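Asks: have a look at this fold, sequence not included:
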């Protein structure tokens, strides 16, 4: 029997364990029993915190998105210029993939078994991430152009990560971050107003 935790700490513990369970088994193959067992709680305790498996899964997606945005935001906060922001941002993203691998898989792993609500949540998280980095694109361009480029940068990081995860490659996140940042920065330097 696990020791009694305050409700907020118990909820965090359940979320931490659930990320691993869902990332490894997928939504449809994971039961609330699986989560309760892994968290060392009873199903009634689990249902005190989450109304349903779907409710738990959506909370996990939100948590993973928050972790991603926090990792990138913290990394770029001290950057001196646009080039440094690009480098630090990509390095932070790839470190997040390496260190919080289950959260990455939860957000960007196979989407074949996702329902519409989960897919919508993931799209919103991706859009919020792009919205957070758009102001960092220090170019004299229209706001919509800035948002489009930010979405492209998020897609670039996600695509590279998904490719490496699917291949099972182990890479140094700082080296990978620098390589992708070099490519992105070369493109960002050429950005200008259209029309």
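Replies: Cool, got the structure. The structure displayed is predicted, hence computed values, not measured ones.

Asks: what's near enough to touch residue 88?
Replies: Going by CB atoms under 8 Å, 6 or more residues apart in numbering, residue 88 touches 75-76, 78-79. Any C-beta I mention is one placed from the backbone N, CA and C, and that applies to glycine too.

Asks: check it and give its pLDDT.
Replies: With respect to pLDDT, residue 88 scores 92.

Asks: got it, and residue 110?
Replies: pLDDT at residue 110 comes out at 61.

Asks: ok, back up a step: so how do I select the buried members of the contacts of residue 88 in PyMOL?
Replies: Per 16 or more other CB atoms under 10 Å, the buried members of these correspond to this PyMOL selection:
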select buried, resi 75+76
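
Asks: the closest residue to residue 158 other than its chain neighbours and residue 28: what is the separation?
Replies: Nearest in space to residue 158, with sequence neighbours left out and distances taken as CB to CB, 6 or more residues apart in numbering, is residue 108 at 5.4 Å. Counting by CB to CB, to the nearest Å, the gap from residue 108 to residue 28 is 18 Å.

Asks: more neighbours: those two, which one.
Replies: residue 108 (20 against 11; other CB atoms under 10 Å).

Asks: contacting residues for that one?
Replies: Contacts for residue 108 (CB under 8 Å, 6+ apart) come out as 122, 158, 161-162.

Asks: from the residues you listed, which one has the minimum pLDDT?
Replies: Within the contacts of residue 108, pLDDT reaches its minimum at residue 162, with 86.

Asks: so what does the helix or strand harbouring residue 128 touch, helix or strand wise?
Replies: Counting by DSSP states H and E, the element that carries residue 128 is helix 116-133. Helices and strands touching helix 116-133, as assessed by 3 or more CB pairs under 8 Å, 6 or more residues apart in numbering; DSSP states H and E, comprise helix 53-76, helix 101-108, helix 143-167.

Asks: give me whichever of those helices is most buried.
Replies: helix 101-108 (a mean of 21; mean count of other CB atoms under 10 Å).

Asks: OK, contacts around residue 130?
Replies: Applying CB under 8 Å, 6+ apart, we find residue 130 in contact with 147, 150-151, 153-154.

Asks: what's around residue 91, how many residues?
Replies: Neighbours of residue 91 under the rule other CB under 10 Å: 22.

Asks: my error: substitute residue 141 in the last question.
Replies: Using other CB under 10 Å, residue 141 has 16 other residues around it.

Asks: name the SS class of it, please.
Replies: Three-state assignment for residue 141 (DSSP: H, G, I helix; E, B strand; the rest coil): coil.

Asks: give the contact list for it.
Replies: Contact analysis of residue 141 by CB under 8 Å, 6+ apart lists 149, 191-194.

Asks: could you measure from it over to residue 75?
Replies: Counting by CB to CB, the separation of residue 141 from residue 75 is 23 Å.

Asks: columns distance to residue 32 on top of the helices and strands packed on helix 116-133, output as JSON lines?
Replies: Converted to JSON lines, the helices and strands packed on helix 116-133 look like this (distance: least, CB to CB, whole Å):
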{"stretch": "helix 53-76", "distance to residue 32": "6"}
{"stretch": "helix 101-108", "distance to residue 32": "17"}
{"stretch": "helix 143-167", "distance to residue 32": "27"}
